[in-house]
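**Student:** return atomic coordinates for the entry below.
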Amino acid sequence: MFQHLTHPLRIVWNERITLFWPIWAAITAIAVVLVIRILPARAKMTLEQVEPRRHCLSRAGIVAVILLCLFLGCYIAGSLVWEDFTYYDNSHFTNGTLIGHDIALQILPGAGRFWPLGHQEFNLLRHFTHSVVGYHALRIAQLLFLCALLLFIDDELSIQARVALILLLLVTPSVLISFSGLIYPEANVLLWLVCLAWFIKRFERTHATAWAMAAVIASQFLLYYKETAFMLLFGCAVGRLILRCWKVGEAGWDFKKLRDPESRLDMCLASLAVVFLLYYCAVMFPNFGAQYADDRRLSLLQVTEIYLKLDLTALIFTGVWLARAILILRHKLKCSLFWDGFALGAICYFAGFIILRIASSYYLAPVDLIAICYLGRLTLLSIEKMSVTTRACAVVLLTFILLQELLLSAFRMYERKNVIHAKAEIGYAIKQWYRSNPQAVRRLFFPSAKSFMILEFASYLSYSGIPVEELPAGPVATQRVLLVGKAIQKDGPCGYRTFVCRPGSNPEHGDLVVVFPDDLTSVRESSLYLTEGSAPLFAYNPSPAIPQWMRPLVNQLHVASPVFWDEKLPDSWLNASLSVWK
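**Tutor:** Residues are numbered from 1 along each chain as shown. Prediction:
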C-alpha cells in the first residue's frame, strides 16, 4: 500500500520541472477549494457595503478622462514608432515563436531562475499574428486594462486625482520600460498585482466568495511571473493580518480578528507565497545555484546609489511608510488596512532586490505602482490639513520626482528607439546586399560588439532570411554567412543559441563590417571602418539629433541604459554603420 502511494509521488518529484503545468493547476485548484471551505457563509450586507461609493462625473472629471485618453493615444503611438524585433532578448521571438516554436518554460535551476510563466503568453499569440504591431498589441491591451482598473480602484479620490496619479505612473521609467518592451515580465506582474488589489477590494465590500477565488487565481499568476513576487504577496498578506489584529488606540492585540473573512483570505494568500517558495526550493534541489544574481551582484553602496539615481519615488515611499508604521505601532495613527498592507508588500519586494544586491531600471515597477498610489493618496487626502511648510516640501519633492521620471523615461525611449531603428536598417541593408549577390556576403565582421549583441542580431538576420552559420544540424545546401568579432575568444556558440561566433582581429577583403549603435567604442575607432579601406553602405546618426549643449545632461542619465548603466556613454553613442572592406 505504501509503495503504491510513494510511486506517483516519486514520479512527481522526479518530473517536478516538466510537470509544472499540472502542478501549478493542482496548487491553484486546491487553493480555490480551500478558500471556498474556510470562508464563512456570506452575511447579509447593506447596500452601502455592497456597492462602492460613486462620484458624479463632473465637467472637470470628464475633461480629465478625455485628457487621459488623448495621452494614452499618444503613448501607444509612440510605443509603436520604429518598432522591430531587433531589441535585446528578442531572439525569444525571432528564434522561437515567429518561426513556429514555443518558448520553453523559464525554469533554469543552474542560474537560480524560476519564473515559468515568463513569455508564455506569446506561445498563444503566435497562432494569431507574426507582426511586431500584433505582438505589441498584447502589451497595449494590458496597459489599457490596468489604467481602467486604476481609474476605479480608489473611490475616495476624485476622478481628476486618479487621472493625475495614472499619468504620473505612466511616465515612471520602470512602468514605461515594462510596457514599451516585449520581454519584461514586470508588465504581467503589474497587471496581476492590480487585478489582485481589485479583487481584494471587492471582497472586502461584498464578502462574495467569487472575489476571493479570483484573488487566489490572480496571486497564482503573479507569483510565477517573477521570483521576488512571493515577497510582495507574503508581505502584503501578513502585513494586513498584523495591522488588522493590532488594536487601535490601546495596547495589545485582538486575535479574534483572525476569524474575519478578510483574515482567512489573507492567510490563504500568504500560504500560496510559502508554497511557491517550497516549490522553488524543490526545483533548485540539490544544487541551489544563483548564477544570474551572482553575475549582477553589486555592493550595497552601489545598489543604493543606483536606485537613488533611478527611483527617488521608491526611496521616499520607503521612508514615508516606515514613519507611518512607527506612528501606527505607537497608536498615534490609524492605518489603512488595504493601502498600508500593499505598501508593506512593496517594501518587502524592494528589500528583496537590496538583499540580492541587483539593480535595473525596470525591477521596481511594482514598487513604483504602489508607491505612487500610496503617496499620492496620502497627499491628496491630507493636503487641506497640511501646513504651508509641509505643502512646500511636498511640492519640492513632487517636482524632483517628476523631473527625474521625465528625464530618465525620455532618455530610455530615445535610446531604445534609435537602437531598434539602427539595427533594423543595418539588417535591411545586409539583406538587400545579400539578395543582389549572395556570394558577396561571406562574413560579417563586428569590431566592437559583444557576443550577446551578435547573437541577437544573428537571430534577427536568420529570421529575415540570411543563412547565418549555426551549429551542425544535418547537411546544409546553402553557404552560411560567418560571424566574426574582435571580442570573441574562440570558435563556438555566441551564447545560449546555436549561432556560431568566430574570433578575428581584423576584417578581410569582402567582409561586411558592422558597427552597432550600442557598441562601446569611440567615434575615432568606428570611423576607421568607414574611411580606411572600405566602401560605406550605410551610416546612421541618432534622430532627432541631440544639441551639443545638452550632451552633458544626457551623459548624466546613462544609469537608465541597459548597456551603459555602469559607465559613461561613448562619444559614438547611437551612431552605427555598415561598410564593405576592400
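
**Student:** any idea of the mean pLDDT for the helix ranked longest in the chain?
**Tutor:** Ranked by residue count under DSSP state H, the longest helix found in the chain is helix 388-436. Mean per-residue pLDDT for helix 388-436: 94.

**Student:** next SSE downstream of that helix?
**Tutor:** strand 443-446 (DSSP states H and E).

**Student:** tell me the pLDDT at the residue nearest the centre of the chain?
**Tutor:** Using C-alpha atoms, centre = their mean, the residue of the chain that lies closest to the mean C-alpha position is residue 186, 2.8 Å off. Listed pLDDT for residue 186 reads 97.

**Student:** quick one: residues contacting it.
**Tutor:** Counting by C-beta atoms under 8 Å, 6 or more residues apart in numbering, residue 186 touches 174, 177, 178, 226, 362, 363, 365, 366. (C-beta placed from N, C-alpha, C; glycine too.)

**Student:** please redo it, this time with the cut-off set to 6 Å
**Tutor:** Counting by C-beta atoms under 6 Å, 6 or more residues apart in numbering, residue 186 touches 178, 362, 365.

**Student:** likewise residue 204?
**Tutor:** By C-beta under 6 Å, 6+ apart, the contact list for residue 204 reads residue 262.

**Student:** pretty sure it is in a helix, no?
**Tutor:** Yes. According to DSSP: H, G, I helix; E, B strand; the rest coil, residue 204 belongs to a helix.

**Student:** which SSE is residue 578 in?
**Tutor:** Using DSSP H and E, residue 578 maps to strand 576-581.

**Student:** ok, now residue 346?
**Tutor:** Following DSSP H and E, one finds residue 346 within helix 337-356.

**Student:** check which residues of that helix are buried.
**Tutor:** Residues 337-350, 352-353, 356 are the ones in helix 337-356 that count as buried (16 or more other C-beta atoms under 10 Å).

**Student:** likewise for stretch 140-160?
**Tutor:** Buried residues in stretch 140-160 (16+ other C-beta under 10 Å): 140, 142, 143, 146, 147, 150, 151, 153, 154, 157, 159, 160.

**Student:** what's the closest of the residues you listed to residue 423?
**Tutor:** residue 140 (22.7 Å; C-beta to C-beta).

**Student:** so, low pLDDT: which residues of the stretch 101-250 of the chain?
**Tutor:** Applying pLDDT under 70 to the stretch 101-250 of the chain flags the ranges 249.

**Student:** quick one: the helices in it?
**Tutor:** 121-125, 132-152, 159-170, 173-180, 186-206, 209-223, 229-245 (DSSP state H, counting those that start in this stretch).

**Student:** quick one: contacts of the shortest one?
**Tutor:** Same thing as helix 121-125. By C-beta under 6 Å, 6+ apart, the list of residues contacting helix 121-125 reads 97, 102, 103, 138.

**Student:** list the contacts of stretch 221-228.
**Tutor:** 114-117, 185, 188-189, 192, 229-230, 276, 349, 352.

**Student:** try it again with 8 Å
**Tutor:** Residues outside stretch 221-228 that contact it (C-beta under 8 Å, 6+ apart) are 24, 113-118, 185-186, 188-189, 192-193, 196, 229-230, 232-233, 272-273, 276, 280, 349, 352-353, 356.

**Student:** again with stretch 10-18
**Tutor:** In contact with stretch 10-18 (C-beta under 8 Å, 6+ apart) are residues 19, 23, 105, 107, 109, 279, 282, 283.

**Student:** and it, how far apart are its ends?
**Tutor:** By C-alpha to C-alpha, to the nearest Å, the extent of stretch 10-18 from end to end equals 14 Å.

**Student:** how about the helix or strand harbouring residue 92 as PDB, C-alpha atoms only?
**Tutor:** Here residue 92 sits within helix 91-94, counting by DSSP H and E. Provided in PDB are the C-alpha atoms of helix 91-94 (Å, rounded to 0.1, in the frame of the first residue of the first chain):
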ATOM      1  CA  SER A  91      15.700  36.300 -30.100                       C
ATOM      2  CA  HIS A  92      13.000  34.600 -28.000                       C
ATOM      3  CA  PHE A  93      10.700  35.600 -30.900                       C
ATOM      4  CA  THR A  94      12.900  35.600 -34.000                       C
END
